[in-house]
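*Asks:* Here is the input, now give the coordinates:
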Amino acid sequence: MNQVPDILRILPEVVLTLTGVAVMMIDASLEPAKPRWPLGWVAAIGATLAYGASIFQFSIPEGAAYFGTVETSPFTIFFHVLICLIVLVTLLVAIDALPADSHHQGEFYALVLFGAVGMCLLTGAVELLVVFIALEISSISTYILAGYRKHTDRGPESAIKYFLLGSFATAFLLYGIALIFGATGTTQVYEIARAVPSAPNQWMILAGLAMMLVGILFKVSAAPFHLWTPDVYEGAPSPVVALLSTAPKAAAFALLLRIVYEAFPTLRPVWSPLIWIVAVLSMTVGNLAALRQENVKRMLAYSSIAHAGYILAAFAGLGSTGISAVVFYTAAYAAMNVGVFTVVTLVSGYDDRLPLVADFRGLIFRSPLLGSLLLFFLISLVGIPFTGGFFGKFYSFSAAVSGGAVVLAIIGLLNSGVAAAYYLRLALAAAQRAPKSDGEAVPVAPRVGVAVGAALLLAATATLGLGIVPGQVLRAAEIGAHTLQSPPPETQELPVESRMRP
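*Replies:* Okay, here's the model as predicted:
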């Protein structure tokens, strides 16, 4: 057996942590009058190094570390790469979007990095208490970031709502973990899978699984656990929303895959119908509510609820087909959603001065670059061919059909048609020339800086690449799907006593 130093299995988390600490120390050593925007570049360099560390993990053997609590596999590395790229794009957007005189910029960048530590750790954790700790690391950072604009009324309101509802959801998750431990005597994922079929207290296992699902589905903002999403998205700064709508969801979907496919594969007849129902509710509620929204961020918030439903539809797929569809759609959704929120950030401004659909009218004439990119990202969200959104929905609904959930796939297709109405409404507003008015000032064309330009380039390239040449990412998703369903070699060979003994 190849011995790999344990620290190499959490190398991206270590890099992100050290970078966050460095940002805070540099921030504390600078004079109050000094600009803080260079700290954003320090954080971006750290996110890039963490991305490189994730790629490096492909060269080490698959296995577990720290007494079987975290593991490295193609599945975990895929999500590490995805989260690091999302964080990098978010930091690039924030460098140009945050005003020069905004408060606590150093803390903003550090919190983004610390939140990424929790998200990365969450994807690799195979022990439920480590899952809880990772979830808290991620959640605390995002709670604070949601209320970053504390000088506004909606900033603190969004943070308080997010914190209170998130605390309830975390309590459900923790109580579910306690019930699972009481029924099986372990919190290690692979040992739970072995103990579940012969455990005497099956009612306790079912109750624990249900409570854990409540906590995880809250994090992906699936209906009926979605009530926090519109208010938080509207009150948080747009760069934060770009992060909230993608990276924590990616980590939560990775956790959900691990829980249902690795910890409770024998309970598929129980959890599959539940996720089926939640998928239908999320798609329908999200799309119907989005139709009535005039505020762009609230519209995209309900859109994210609908996309959570599209991703959940893939859980109806059998084995690696469903897993790879979930993984691919998560990557495609992250690319196009980060892109659309980057455009919204530039058009609406840090203080959301132009929040309504009508405010985007004539964008393609004011700024052909931003207008064209907005149309492109919206087309991808609809699911038009040659975009990442098309193949994401195609693989998700194909997985549902292969698993026998034909009705679920049909409902998904119908909901995609409904979604096209509000996406095209925003697209038509951007493509229409704004009516001239003598007493009304003409909106100034948004400025595209170097950092945010790089962010847009990354998001557009990823969205287009996943729509034209999705094969490489799909193969990586399929490899990760196969490794998810079986314990890594090191974990299989080690007995329980030797893995748990310090």
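*Asks:* rest of the way, CA atoms for contacts and neighbours
*Replies:* Noted.
*Asks:* Quick one: low-confidence residue ranges for the chain.
*Replies:* 1-2, 102-103, 434-444, 485-502 (pLDDT under 70).
*Asks:* mind running it again at 80?
*Replies:* Along the chain, the parts satisfying pLDDT under 80 run over 1-2, 100-103, 151-153, 318-319, 354, 434-446, 485-502.
*Asks:* in it, which spans are strands?
*Replies:* Under the criterion DSSP state E, the chain carries strands at the ranges 63-65, 70-72.
*Asks:* Out of those strands, the one nearest A481 is which?
*Replies:* strand 70-72 (13.5 Å; C-alpha to C-alpha).
*Asks:* Distance-wise, check A314 relative to A481.
*Replies:* For A314, the distance to A481 equals 13 Å [C-alpha to C-alpha, to the nearest Å].
*Asks:* same check, this time on M25
*Replies:* Distance, M25 to A481, using C-alpha to C-alpha: 40 Å.
*Asks:* Check I83 too.
*Replies:* 18 Å.
*Asks:* List the buried residues of the lengthiest helix in the chain.
*Replies:* When the chain is parsed with DSSP state H, its longest helix is helix 154-184. By neighbour count on 16 or more other C-alpha atoms under 10 Å, the buried set for helix 154-184 is 154-163, 165-167, 169-181, 183-184.
*Asks:* which ones are touching M24?
*Replies:* Residues in contact with M24 (C-alpha atoms under 8 Å, 6 or more residues apart in numbering) are G106, E107, A110.
*Asks:* now do A254
*Replies:* Applying C-alpha under 8 Å, 6+ apart, the residues contacting A254 are F79, L122, T123, V327.
*Asks:* Can you name the two of the residues you listed that sit furthest apart?
*Replies:* Using C-alpha to C-alpha, the two most remote members of these are L122 and V327, lying 15.1 Å apart.
*Asks:* between these two, who's got more neighbours?
*Replies:* L122 (31 against 28; other C-alpha atoms under 10 Å).
*Asks:* Tell me how far the residue lying closest to G40 once chain neighbours are set aside lies from D352.
*Replies:* The spatial neighbour of G40 that comes closest, neighbours along the chain excluded (C-alpha to C-alpha, 6 or more residues apart in numbering), is I95 at 5.6 Å. With distances taken as C-alpha to C-alpha, I95 is found 17 Å from D352.
*Asks:* if you count what's nearby, which of the two comes out ahead?
*Replies:* Between I95 and D352, counted using other C-alpha under 10 Å, I95 has the larger neighbour count: 25 against 18.
*Asks:* Go ahead and confirm the more buried one touches W37.
*Replies:* Yes - applying C-alpha atoms under 8 Å as the test, I95 and W37 come out as touching, 6.0 Å apart.
*Asks:* Tell me, how many residues neighbour the residue nearest to V15 when sequence neighbours are not counted?
*Replies:* Nearest non-adjacent residue to V15, counting by C-alpha to C-alpha, 6+ apart: A50, 5.6 Å away. Residues lying near A50 (other C-alpha under 10 Å) number 27.
*Asks:* Count the neighbours of F108 for me.
*Replies:* For F108, the neighbour count with other C-alpha under 10 Å is 23.
*Asks:* Setting aside sequence neighbours, what's the nearest residue to G403?
*Replies:* G403's closest residue in space is G317 (C-alpha to C-alpha, 6+ apart), at 4.3 Å.
*Asks:* before we move on, what about S238?
*Replies:* Going by C-alpha to C-alpha, 6+ apart, S238 has T345 as its nearest residue, at 5.3 Å.
*Asks:* Neighbours of K150, how many?
*Replies:* Other residues close to K150 by other C-alpha under 10 Å number 17.
*Asks:* any chance you could map the helices in the stretch 151-300 of the chain?
*Replies:* 154-184, 189-195, 202-219, 229-235, 238-244, 247-258, 268-290, 296-313 (DSSP state H, counting those that start in this stretch).
*Asks:* circling back: adding neighbour count, write the contacts of M24 out as a markdown table.
*Replies:* Listed next are these as a markdown table, based on neighbours: other C-alpha atoms under 10 Å:
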| residue | neighbour count |
| --- | --- |
| G106 | 22 |
| E107 | 20 |
| A110 | 25 |
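*Asks:* tell me the most buried of the strands of the chain?
*Replies:* Ranked by mean neighbour count, these are led by strand 70-72 with a mean of 25 (mean count of other C-alpha atoms under 10 Å).
*Asks:* Can you convert the strands of the chain into a markdown table and add a column each for distance to A100?
*Replies:* Below are these laid out as a markdown table (distance: least, C-alpha to C-alpha, whole Å):
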| stretch | distance to A100 |
| --- | --- |
| strand 63-65 | 43 |
| strand 70-72 | 40 |
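*Asks:* Between the ones you listed, which one is closest to Y148.
*Replies:* Per C-alpha to C-alpha, nearest to Y148 of the strands of the chain: strand 70-72, 31.8 Å.
*Asks:* which helices and strands sit right next to that closest one?
*Replies:* When contacts are defined as 3 or more C-alpha pairs under 8 Å, 6 or more residues apart in numbering; DSSP states H and E, strand 70-72 packs onto strand 63-65, helix 105-124.
*Asks:* what residues does it touch?
*Replies:* By C-alpha under 8 Å, 6+ apart, strand 70-72 touches 9, 57, 61-65, 121, 124-127, 488.
*Asks:* Check the gap between G467 and I45 for me.
*Replies:* 28 Å.
*Asks:* between those two, which one's more packed in?
*Replies:* A direct count of neighbours by other C-alpha under 10 Å for G467 and I45 places G467 higher, at 22 against 16.
*Asks:* residues in contact with the nearest residue to S320 once chain neighbours are set aside?
*Replies:* If the residues on either side of it in the chain are set aside, S320 comes closest to A481, at 5.0 Å by C-alpha to C-alpha, 6+ apart. By C-alpha under 8 Å, 6+ apart, the contact list for A481 reads F75, S320, T321, I323, S324.
*Asks:* my read: the first one touches T483, true?
*Replies:* Looking back up the chat, that one is F75. Yes - with contact defined as C-alpha under 8 Å, F75 and T483 form a contacting pair (6.6 Å).
*Asks:* Counting neighbours around each, name which of these two comes out higher.
*Replies:* Between F75 and T483, F75 has the larger neighbour count (other C-alpha under 10 Å), namely 25 against 16.
*Asks:* Which residue is the nearest non-sequential neighbour of the more buried one?
*Replies:* Nearest to F75 is G480, by C-alpha to C-alpha, 6+ apart, at 3.8 Å.
*Asks:* where do the helices sit along the stretch 301-450 of the chain?
*Replies:* 320-348, 363-366, 368-382, 388-402, 406-431, 450-468.
*Asks:* Dump the ones you listed to a markdown table, plus distance to Y190.
*Replies:* Formatted as a markdown table, the helices of the stretch 301-450 of the chain follow (distance: least, C-alpha to C-alpha, whole Å):
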| stretch | distance to Y190 |
| --- | --- |
| helix 320-348 | 18 |
| helix 363-366 | 52 |
| helix 368-382 | 36 |
| helix 388-402 | 25 |
| helix 406-431 | 30 |
| helix 450-468 | 33 |
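*Asks:* closest one to T246 among these?
*Replies:* Short answer: helix 320-348, nearest of the helices of the stretch 301-450 of the chain by C-alpha to C-alpha, at 5.1 Å.
*Asks:* and G403, how many neighbours?
*Replies:* 17.
*Asks:* So that it lines up with my notes, have the first residue be 350 from now on.
*Replies:* Fine by me, first position is 350 from now on; the one you just mentioned is G752.
*Asks:* which residues touch it?
*Replies:* By C-alpha under 8 Å, 6+ apart, the neighbours of G752 are A665, G666, L667.
*Asks:* Backbone torsions only: list them for it.
*Replies:* Phi and psi for G752, reported as degrees, to the nearest 10, are phi -90, psi 0.
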